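Novice: Have a look; sequence and predicted model below, questions after that.
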Amino acid sequence: MEENKQRFITLLKETNRDGIDKLLDFLESSDFYKAPASTRFHGAKEGGLLEHSLKVYGILEQKVKNNVINLDVKEDTVRIVALLHDICKTNYYAVDYRNAKNAVGVWEKVPFYKVEDTIPYGHGEKSVMMISEFIKLTNEEKYAIRWHMGYTEPKELYSTIGAAYTKYPFALLTHEADLEATYFFDT
């Protein structure tokens, strides 16, 4: 986990964004590096969020380089979006315990992750808000982070999502990278 943490920090520092050190200080004081990516679906383990974020970065970087059209997306944009798209999950999960039978049929208390959302502001929009408290995001970065969940959003937003992907195709690649990281690697 420490190697992943150092790689994550290095990648963000190399963006040279004003305020990135303050953002990294915030992450250091939070549970970001140890948090799960979800309660039970993908990366539901200590450090799962960090692993997921790095995997999204690797996939998104390749998608931008190998895309059928040149989107002219800067490397620092790829890093900011991929590594921070789920910052909304910082200080979001808590460990609790429940009873479960072990392998020999004896009841015992086992840990599990539960949601404790102290800032109920959505998902993508919450990540944009949190990042913006430290660094300035471009419009393309805001759209990509806000709409990285794609068509898992409520159906009433589908036309808005489509319009966002038309305006900023990089946002669609971000959604695809998130899905691929989740379903190909984090399960």
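Specialist: Looks like it came in fine. Residues are numbered from 1 along each chain as shown.
Novice: Going by C-alpha atoms from here, please, whenever you check contacts or count neighbours.
Specialist: Will do.
Novice: give me phi/psi at Tyr113?
Specialist: The phi/psi pair for Tyr113 (degrees, to the nearest 10) reads phi -90, psi 140.
Novice: Give me the distance between it and Tyr93.
Specialist: 6 Å (CA to CA, to the nearest Å).
Novice: do Ser159 as well
Specialist: Using CA to CA, we find Ser159 at a distance of 31 Å from Tyr93.
Novice: Repeat that for Phe41.
Specialist: With distances taken as CA to CA, Phe41 is found 14 Å from Tyr93.
Novice: now Asp25
Specialist: Per CA to CA, Asp25 is found 20 Å from Tyr93.
Novice: same thing with Leu54?
Specialist: According to CA to CA, Leu54 and Tyr93 sit 19 Å apart.
Novice: now swap in Arg17 and tell me
Specialist: 28 Å.
Novice: more neighbours, the two?
Specialist: More crowded of Arg17 and Tyr93, by other CA atoms under 10 Å: Tyr93, with 20 against 15.
Novice: quick one: the strands in the chain?
Specialist: Along the chain, counting by DSSP state E, strands occupy 93-101, 107-115.
Novice: Which of these sits closest to Gly150?
Specialist: When the strands of the chain are compared by CA to CA, strand 107-115 sits nearest Gly150, at 21.5 Å.
Novice: In contact with the residue nearest to the spatial centre of the chain, which residues?
Specialist: Centroid-nearest residue in the chain, with CA atoms, centre = their mean: Asp86, separated by 2.5 Å. Going by CA atoms under 8 Å, 6 or more residues apart in numbering, Asp86 touches Leu49, Ser53, His123, Gly124, Ser127.
Novice: By neighbours, which of those wins?
Specialist: That'd be Leu49 among the contacts of Asp86, by other CA under 10 Å, with 27 neighbours.
Novice: which residues does it contact?
Specialist: Going by CA under 8 Å, 6+ apart, Leu49 touches Phe32, Tyr33, Lys34, Ala35, Pro36, Ala37, Ser38, Gly43, Asp86, Lys89.
Novice: Adding distance to Ala163 and pLDDT, write those out as a markdown table.
Specialist: Compiled in a markdown table, these are given as follows (distance: CA to CA, whole Å; pLDDT from 0 to 100):
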| residue | distance to Ala163 | pLDDT |
| --- | --- | --- |
| Phe32 | 32 | 97 |
| Tyr33 | 34 | 97 |
| Lys34 | 35 | 96 |
| Ala35 | 33 | 95 |
| Pro36 | 31 | 94 |
| Ala37 | 28 | 93 |
| Ser38 | 28 | 90 |
| Gly43 | 30 | 87 |
| Asp86 | 22 | 97 |
| Lys89 | 26 | 95 |
